[in-house]
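>>> Take this sequence and fold it.
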Amino acid sequence: MSRRLEILRAIVDEYVATQEPVGSKALAENHNLGVSPATIRNEMAVLEEEGLITQPHTSAGRIPTDLGYRTFVDQLSSVKPLSVPERRAIETFLEGALDLDDVVMRTVKLLADVTKQVAVVQYPSLVKSRVRHVELVLLNSARTMLILITDTGRVEQRVIELATEVDDEFLNSMRIKLNNSISGQRLPDVADRLTALMDSLNQGDRRNMAVVISTLIEMALEKPEEKVVLAGTANLTRFRQDFSAQIHPILEALEEQVVLLRLLGGASNGVQVLIGSEQTEVNLRETSVISTSYGEVGALGVIGPTRMDYASSMAAVSAVANYVSRYLQDFTGDIANG
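Numbering: from 1, shown residues only. Alright, predicted model coming up:
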């Protein structure tokens, strides 16, 4: 890393820690840069010309610009791992979740606590989900409960009236055929697979299977609204001095599900960082968003002021996403086997 970038990193670290504009003297005293304050001043002048730092008001010090933060983030070679106690705390917090709602709520609270930012978690998207298991439970000779379990932890169930009376042996045969046909398939693809299964059945099985298959297709193709949950909005109030205007427009924007879904819409397998003016939402242009996907079906992230500890926040977002992905996999496996 060049000396100039080392100085930029020191400015970001100092400003994040102190909330005060940074001068060459503080950099020379607090960071092992190996150069004189005069050299630091010269390098800071170049950084200012390049638009990476700026002088706020009449202060003698400098603060990073959005471009400065972007340059700093891009220079982070990799997301640093969390410490063993931090990893253990995440594992402990997620253990014992009862269902998908519990997993999501624990995750969003955990992320807000760990980062001291606003946390946002998108529920797994049904469009991207796959069938984990189909279960049939005989309630009486002509009534059964149909249960659809996805790989994202969603559990849908319906009680259906069969056309004729059946026994456990018939139900077990139906269960095997259904799972062989659609287990591992994306929900939007289920209808075609089940239609093909229906065509392959003998006449005697078709009446009852028609009821089951039509209900299962309805369950698979249902499109509930995409849902996002939020936690830690009170954390923003700790950073009032970081915002030039009132904090209310930011809080109002965060109440809009559409805005939150858009924020997480670009989340991918890697950690994505949007800084200040890079935001499309006008009321969030004094904030930064760190996000990533989990399990290829959902997304999560944190929102805070541009003056945030990017390295630690990126590490937390990445680690929590990895744990949630693994936890959901184990969780749905337990449901399917239970």
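>>> longest helix of the chain?
If you go by DSSP state H, the chain has its longest helix at helix 310-337.
>>> Is it correct that Ile182 is in contact with Val131?
Yes. Look at Ile182 against Val131 with Cβ atoms under 8 Å: they come within range, at 4.9 Å. Bear in mind the C-beta positions are built from the backbone N, C-alpha and C, glycine included.
>>> quick one, domains of this protein?
Using automatic domain parsing, the domain parsing of the chain gives 3-65, 84-125+226-337, 128-221.
>>> As CSV, those with mean pLDDT, mean neighbour count and distance to Leu76 would be great.
As requested, the domains of the chain are arranged in CSV below (pLDDT from 0 to 100; neighbours: other Cβ atoms under 10 Å; distance: least, Cβ to Cβ, whole Å):
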stretch, mean pLDDT, mean neighbour count, distance to Leu76
domain 3-65, 88, 17, 9
domain 84-125+226-337, 85, 18, 6
domain 128-221, 87, 17, 29
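>>> how about the closest residue to Arg285 other than its chain neighbours, what does it touch?
Nearest non-adjacent residue to Arg285, counting by Cβ to Cβ, 6 or more residues apart in numbering: Gln279, 5.0 Å away. The neighbours of Gln279, taking Cβ atoms under 8 Å, 6 or more residues apart in numbering as the test, are 285, 287, 289.
>>> Next up, phi/psi of Gln279, please.
The phi and psi values for Gln279, taken as degrees, to the nearest 10, are phi -70, psi 140.
>>> And it, how far from Gly298?
For Gln279, the distance to Gly298 equals 21 Å [Cβ to Cβ, to the nearest Å].
>>> Repeat that for Asn172.
Look at Asn172 and Gly298: by Cβ to Cβ, they are 33 Å apart.
>>> Ala28 now?
Distance from Ala28 to Gly298, by Cβ to Cβ: 46 Å.
>>> swap in Arg285?
In this view, Arg285 and Gly298 are 26 Å apart by Cβ to Cβ.
>>> immediately after the one helix or strand Val259 maps to, which helix or strand?
Per DSSP states H and E, Val259 falls inside helix 257-264. Using DSSP H and E, the helix or strand that follows helix 257-264 in sequence is strand 272-275.
>>> After that following strand, which helix or strand is next?
Once the chain leaves strand 272-275, the next helix or strand it forms, by DSSP H and E, is strand 287-294.
>>> could you say what helices and strands the helix or strand that that next one is followed by packs with?
Sequence order places strand 298-305 as the next helix or strand after strand 287-294, per DSSP H and E. Contacts defined by 3 or more Cβ pairs under 8 Å, 6 or more residues apart in numbering; DSSP states H and E place strand 298-305 against helix 100-115, strand 118-122, helix 257-264, strand 287-294, helix 310-337.
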